[in-house]
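Visitor: any chance you can model this:
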Amino acid sequence: MGNRELLKKNLKSRSFRLNLLFFVIFCLFTLLIIRLGLVQIVFGESYSKEVSRLDATVVSLPAPRGKMYDRHGQVIVDNEGMDAVAFSEEPGMTTEDKIEVTRKLAKLLSLEKESYKERDLKDYWLAAYPDEAEKLLKEKELSLTGKEQYALQIERVPEKAVKEIEEKELEEAIIYKRMTSGYMYEIQTIKSEGLTLEEMATVSENLSYLPGVEIITDWNRIYPYGEMLKPVLGSVTTAKQGILEERSNYYLSRGYSRNDRVGKSYLEYQYEELLHPNKGQKKYVTDRSGNVVDEVIVSEGSRGMDLRLSINADLQKEVEKILEEEIRDAKAGKGNHLLDRAFVVMMHPYTGEVYSIAGKMVNQENKSELLDYSVGAFASQYEMGSTVKGATVLAGYQTGAIKHGSYFYDSPILLKGAKPKSSWKNFGSLNDLKALEVSSNVYMFHTVMKMAGVNYVANSPISVQQEDYTRLRNIYKQFGLGVSTGVDLPNEATGFQGNPDNPGLLLDMAIGQYDTYTPLQMAQYVSAIANGGMRVKPHLVASVHEPISEQGLGPVVQNIKTEVLNRVLNTDEDLARVREGFYRVVNGSNGTAKGSFTMDVSGKTGTAQTYYYGPDRSKWGQATYNLTFVGYYPSENPKVAFSVVVPWASNDKHPVNKHIANRVVEAFIKYEEQRAIEIPTDVEGEEALLTEAQ
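Guide: Predicted coordinates:
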């Protein structure tokens, strides 16, 4: 082939490759044009919306808790608005920005000392000194996740650095912790309690230099009746404390924020979900760059549900006054130097509504001051003495150990190897009614020995088994002695059961000088006798109400119904027999409370010989008396049942228990009976309720 032909062939091949290349380029341009057409024409609108898309974040706004009213609509726990300095993180804020705001606020606000963790100081140091923090990581550790790196840095923060923060920048560390406790936009209270007008004015003047900081209206609990019943009403965490750490998962799963204030004790804690406010909501609208383009109030929010308590505030106040006066008077008497507390519980014997639950205790730091110890009425326990004899007689009826009118001869019980056990005097032959009237110990001893199958012979040993204690305790439990009353309060005590090591202790239990009970248990016990055998659950909340803007209670959301826990296994005749005995205690010619009352009361006195085991440990072991009384008024169709407990009186000749009992019933008549209390009389309805409960 000649050179001309070879050149011609190469030119033809090159022309083909060029044409192929142009064809491919043409196809690619065609595809590009088609794609641009699809983007602009077909999908243009949706892509345009995506580019200009706005994000919305909804955050909660603070609102006050529900109020508490007494049974007659008087406010006993209210809210008071107060100014607060708060912070919410703005879009684009860096850690450096927050540290700068922190340091500025520390110069404008004075914070009280509070508990803090070492971790709080370390967190602040790592944020405030990033260059130093970076040096804590080795080069090979820079490939770890941010969370893993931070964990290593926390471990390696120098102890010296932590100490310097503690000494020089503690307020900054505390403020930083409060600022960073929540999510973006979430309002974090920096200072509310103790915020002065000068501080508020200074912060307000500098808001333009404090991004994220604002002045808001917070709230605080106030108590129109002062310290009255305050421990039982409970307390609420502060804004700086936020939710309870031990229940954080519970709260967070229910939509709480970490800085939400929650009930910390007793009624505030028990009814947290009702009292917790329906928080308002605010929506922040941002563009893709994180800039806020709009703020919208979604809802204003409202305070939590209001509670109407069964407590009569005026009666409660008067009962507390009576306790204070009687304690002071008793302590002024010869030998009562150990007496340091007293309790009263008053409740509706049919419905379980608690009218008053009061306790007073001497302040050990200042003996002239008496503190509110109302929680002791259900959280502390004592030997109650002869007030339990009604349950002992009913236990005898239940088991067949005694019958109505059974007689025993009251003279000292002589057990081999033990001291004589006797009544306060020898009464000779007496029946069950007389035994209650004069408070015979020996009658109760014979009753429980019969229950245990003991054939008593003087100066001989007796055989008592563990099941004999269990049998008596199980009957006591039918009345609420030794078990939870079911009251709507946390941390209720149920009493202490001893571990018997000799047969004579069964006899002591029968007269209330072995196991211990709470004043609330005693009120439930006597209520069961007064109302015909129903153990009714006591409660302090009577109804739940919707919050309204004006003063007063709103519409009822829920009425708390009477709940019968069980019926005692005695006949109506058994209970009527014991009620007759209780009537004779006050009104009989030999009653132990004869002449103590100015109105128609039935009840039972108690004097337990015991030992002091109060707060002054140096006096532990000294012989004392617990003076008690349980009763109800009036004797027929009673409107109130009550217990009085005065532990550790050194002098049983001063009847402080009876004085208190008479005065609190007088107060009940003055403050509550005049309001025309309705007593349930529908026996068939009560029986239906009992059947349902069982």
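Visitor: CA atoms for contacts and neighbours, from now on please.
Guide: OK.
Visitor: so, low pLDDT: which residues of the chain?
Guide: Residue ranges of the chain with pLDDT under 70: 1-18, 20, 22, 36-62, 114, 182-185, 240, 280-300, 334, 676-694.
Visitor: which parts of it belong to which domain?
Guide: 52-83+218-306, 313-693 (automatic domain parsing).
Visitor: most neighbours per residue, which of these?
Guide: Of those, the one with the most neighbours on average (mean count of other Cα atoms under 10 Å) is domain 313-693, at a mean of 20.
Visitor: now that domain: how far from the chain's centre is it?
Guide: Centroid displacement of domain 313-693 relative to its chain, using Cα atoms, centre = their mean, to the nearest Å, is 25 Å.
Visitor: please apply the same query to stretch 210-222.
Guide: With Cα atoms, centre = their mean, you get 27 Å for stretch 210-222.
Visitor: same question for stretch 83-98.
Guide: That offset, for stretch 83-98, works out to 34 Å (Cα atoms, centre = their mean).
Visitor: need the distance between the two termini of it.
Guide: Using Cα to Cα, to the nearest Å, the span of stretch 83-98 from its first residue to its last is 22 Å.
Visitor: now stretch 398-407
Guide: First residue to last in stretch 398-407 (Cα to Cα) measures 17 Å.
Visitor: which parts of the stretch 351-500 of the chain are strands?
Guide: 354-362, 370-372, 407-410, 428-431 (DSSP state E, counting those that start in this stretch).
Visitor: now those in TSV, with distance to M451?
Guide: Below are the strands of the stretch 351-500 of the chain laid out as TSV (distance: least, Cα to Cα, whole Å):
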stretch	distance to M451
strand 354-362	35
strand 370-372	42
strand 407-410	14
strand 428-431	17
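Visitor: and those strands: which comes nearest D120?
Guide: Nearest to D120, of all those, is strand 370-372, at 35.9 Å by Cα to Cα.
Visitor: out of the domains of the chain, flag the one nearest Y209.
Guide: domain 52-83+218-306 (18.4 Å).
Visitor: what residue is smack in the middle of this protein?
Guide: Y266 (2.3 Å; Cα atoms, centre = their mean).
Visitor: in a markdown table: the domains of the chain, plus distance to E186.
Guide: Shown next, in a markdown table, are the domains of the chain (distance: least, Cα to Cα, whole Å):
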| stretch | distance to E186 |
| --- | --- |
| domain 52-83+218-306 | 6 |
| domain 313-693 | 25 |
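Visitor: give me every residue that touches V85.
Guide: 189-192, 200, 203, 213-216 (Cα atoms under 8 Å, 6 or more residues apart in numbering).
Visitor: go again using 7 Å as the cut-off
Guide: 189-192, 214-216 (Cα atoms under 7 Å, 6 or more residues apart in numbering).
Visitor: what about it, is that helix, strand or coil?
Guide: Here V85 is strand, with the state taken from DSSP: H, G, I helix; E, B strand; the rest coil.
Visitor: what sits closest to it if chain neighbours are left out?
Guide: Counting by Cα to Cα, 6 or more residues apart in numbering, V85 lies nearest to I215, which is 4.9 Å off, once chain neighbours are set aside.
Visitor: next: F668.
Guide: Counting by Cα to Cα, 6+ apart, the residue nearest F668 is L315, at 6.4 Å.
Visitor: which element is that neighbour on?
Guide: Element membership for L315 (DSSP states H and E) is helix 313-332.
Visitor: measure the closest residue to V203 other than its chain neighbours to Y397 for me?
Guide: Counting by Cα to Cα, 6+ apart, V203 lies nearest to L108, which is 6.6 Å off, once chain neighbours are set aside. For L108, the distance to Y397 (Cα to Cα) stands at 75 Å.
Visitor: picking up where we left off before, isn't the residue nearest to V203 right next to E198, touching?
Guide: No - with contacts counted by Cα atoms under 7 Å, L108 stays clear of E198, the gap being 9.4 Å.
Visitor: angle of the helix or strand containing K658 against helix 313-332?
Guide: Following DSSP H and E, one finds K658 within helix 656-671. Going by axes from the mean of the first three to the mean of the last three Cα atoms, to 10 degrees, helix 656-671 is angled at 160 degrees with respect to helix 313-332.
Visitor: CA atoms of helix 656-671 as PDB?
Guide: Listed next in PDB are the C-alpha coordinates belonging to helix 656-671 (Å, rounded to 0.1, in the frame of the first residue of the first chain):
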ATOM      1  CA  VAL A 656     -53.100  16.700 129.500                       C
ATOM      2  CA  ASN A 657     -54.600  14.100 127.100                       C
ATOM      3  CA  LYS A 658     -58.100  14.700 128.400                       C
ATOM      4  CA  HIS A 659     -57.700  18.500 128.500                       C
ATOM      5  CA  ILE A 660     -56.700  18.400 124.800                       C
ATOM      6  CA  ALA A 661     -59.500  16.100 123.900                       C
ATOM      7  CA  ASN A 662     -62.200  18.200 125.500                       C
ATOM      8  CA  ARG A 663     -60.900  21.400 124.000                       C
ATOM      9  CA  VAL A 664     -60.500  20.100 120.400                       C
ATOM     10  CA  VAL A 665     -64.100  18.800 120.500                       C
ATOM     11  CA  GLU A 666     -65.300  22.200 121.700                       C
ATOM     12  CA  ALA A 667     -63.300  23.700 118.800                       C
ATOM     13  CA  PHE A 668     -65.000  21.200 116.400                       C
ATOM     14  CA  ILE A 669     -68.400  22.300 117.500                       C
ATOM     15  CA  LYS A 670     -67.500  25.900 117.100                       C
ATOM     16  CA  TYR A 671     -65.800  25.700 113.700                       C
END
